[in-house]
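Asks: Pasted the sequence and its predicted model underneath.
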Amino acid sequence: MRTILLGAGGQLGIDLARLCRKRGHGLLALRRSQLDITDESATRQRIARYDPDCVINAAAYNQVDQAESDSETAMRVNALAVRNIAVACAEVGAVLVHYSTDYVFSGEKGTPYTETDAPAPRSVYGVSKLAGETFARAHCPSHYVLRVAGVFGPPGRHTKRGNFAEFVLRKCAEGTPLRIVDDRFATPTFGPALAARTLDAVERKIPFGLYHLAGGEAVSWCEFARKIVRLAQRPAEVEPIDGSRSQAKALRPRCAALSNARVEAAGIAKMPSLDAAIAEYLVLRKRERPARP
Ligand SMILES: NC(=O)c1ccc[n+]([C@@H]2O[C@H](COP(=O)([O-])OP(=O)(O)OC[C@H]3O[C@@H](n4cnc5c(N)ncnc54)[C@H](OP(=O)(O)O)[C@@H]3O)[C@@H](O)[C@H]2O)c1
């Protein structure tokens, strides 16, 4: 399979690139320094010239708070660039894999969200990701739009954006108090397990469409932090705080747990338990080295 990977320098991109190579894909992996996806003509040319079977877009503008004051960049990267990629994929007959987020939901439903639930984003970031997934679905019939949440992959130890697990481990190392919201819930997603299931979906040709492919286990961010501290055997306390008192600029969903029932019904394996995922994360992160710029 000939695959183009966009955003190959992000935490998920690095895991995807490794796995594509291991599974024998012919791979063109492009980091931001090699292709800015907002460069419409360069992106179209790359896709047309390589003539891939599959394009995986792991690039995104993920600065949720910054997006509130920079909606233009959020929309250019998360929405307009995705439209362009989707059109280019349709032109060459390639499958498009694109990632979206639990932040497309308001978080007020009370039970895990399914693919048929109506989105109602509370932030600019959520709006931009919803626009991106809509463009992907509208312009490229052969698509997998995968909604994920709180991604934590071992490459995040060295990537610019990092991840929540690295944030917690850094605070522990610094001896800084950990104060984490205990009234916001999500289904944190282990990067290597997500990468494996993404390629399973493409290689096994499950029906195209929109799927939730998150961690499968809803926890508060405070509980997630406590699990990391416990499994890493760090002598730190995690103090629960009230999310409504948060200073963050962007509003976040209260409980945006995603149900993986649809993707599992299509034959994709269940995600590992959160404890197992964190334990594996802690082993794998020790092997991570900083990637090339
Ligand atoms: N991380 C999470 O908790 C989370 C939660 C929900 C959904 N998701 C989604 O999951 C997917 C993978 O995210 P991730 O966790 O791997 O994020 P990440 O580590 O921040 O990686 C995103 C990558 O995209 C690159 N990028 C940004 N703008 C670009 C542009 N204009 N052209 C090319 N590349 C660009 C970034 O480069 P720079 O680092 O140089 O900016 C970075 O390498 C994304 O679609 C994201 O929205 C992530």
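Replies: That came through, no problem.

Asks: residue contacts, the closest residue to residue 114 other than its chain neighbours?
Replies: Nearest residue to residue 114, sequence neighbours excluded (C-beta to C-beta, 6 or more residues apart in numbering): residue 259, at 5.1 Å. All C-beta atoms are positioned from the backbone trio N, CA, C, and that covers glycine. Listed by C-beta atoms under 8 Å, 6 or more residues apart in numbering, the contact set of residue 259 reads 112-114, 212.

Asks: Among those, name the buried ones.
Replies: 112-113, 212 (16 or more other C-beta atoms under 10 Å).

Asks: ok, those residues vs the ligand, which is closest?
Replies: residue 212 (11.4 Å; C-beta to the nearest ligand atom).

Asks: Quick check: nearest residue in space to residue 82, chain neighbours excluded?
Replies: residue 132 (3.9 Å).

Asks: residues from the stretch 151-293 of the chain in reach of the ligand?
Replies: Contact residues, the stretch 151-293 of the chain versus the ligand (C-beta under 6 Å from any ligand atom): 151, 159-161.

Asks: Among the contacts of residue 259, which lie within strands?
Replies: Those of the contacts of residue 259 mapping onto strands are residue 212, per DSSP state E.

Asks: With adjacent residues omitted, what lies nearest to the residue of the chain found nearest the ligand?
Replies: Closest contact between the chain and the ligand, by C-beta to the nearest ligand atom, is at residue 10 (2.0 Å). Distance criterion C-beta to C-beta, 6+ apart; nearest residue to residue 10, sequence neighbours excluded, is residue 58 at 5.5 Å.

Asks: can you pull the contacts of that neighbour?
Replies: Residue 58 neighbours (C-beta under 8 Å, 6+ apart): 5-8, 10, 12-13, 16, 99.

Asks: do residue 65 as well
Replies: Neighbouring residues of residue 65 by C-beta under 8 Å, 6+ apart: 248-250.

Asks: Pull out the buried residues from the residues you listed.
Replies: The neighbour-count test (16+ other C-beta under 10 Å) marks residue 250 as buried among the contacts of residue 65.

Asks: CSV for the contacts of residue 65, including distance to residue 165, secondary structure and pLDDT?
Replies: Formatted as CSV, the contacts of residue 65 follow (distance: C-beta to C-beta, whole Å; DSSP: H, G, I helix; E, B strand; the rest coil; pLDDT from 0 to 100):
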residue, distance to residue 165, secondary structure, pLDDT
248, 19, coil, 88
249, 23, coil, 95
250, 21, coil, 96
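
Asks: ok, the contacts of residue 65 vs residue 198, which is closest?
Replies: Nearest to residue 198 among those is residue 250, at 26.5 Å by C-beta to C-beta.

Asks: which one is residue 240 nearest to, not counting chain neighbours?
Replies: That would be residue 182: by C-beta to C-beta, 6+ apart, it lies 3.5 Å from residue 240.

Asks: wait, the one you found sits on residue 221?
Replies: Yes: assessed by C-beta atoms under 8 Å, residue 182 is found in contact with residue 221 at 7.3 Å.

Asks: who's more crowded, those two?
Replies: Shown here are residue 182 and residue 221; by other C-beta atoms under 10 Å, residue 221 has more neighbours (23 against 19).

Asks: Residues of the stretch 1-150 of the chain that sit close to the ligand?
Replies: Residues of the stretch 1-150 of the chain that fall close to the ligand, judged by C-beta under 6 Å from any ligand atom: 7, 9-13, 32, 36-38, 58-62, 77, 99, 101, 148-150.
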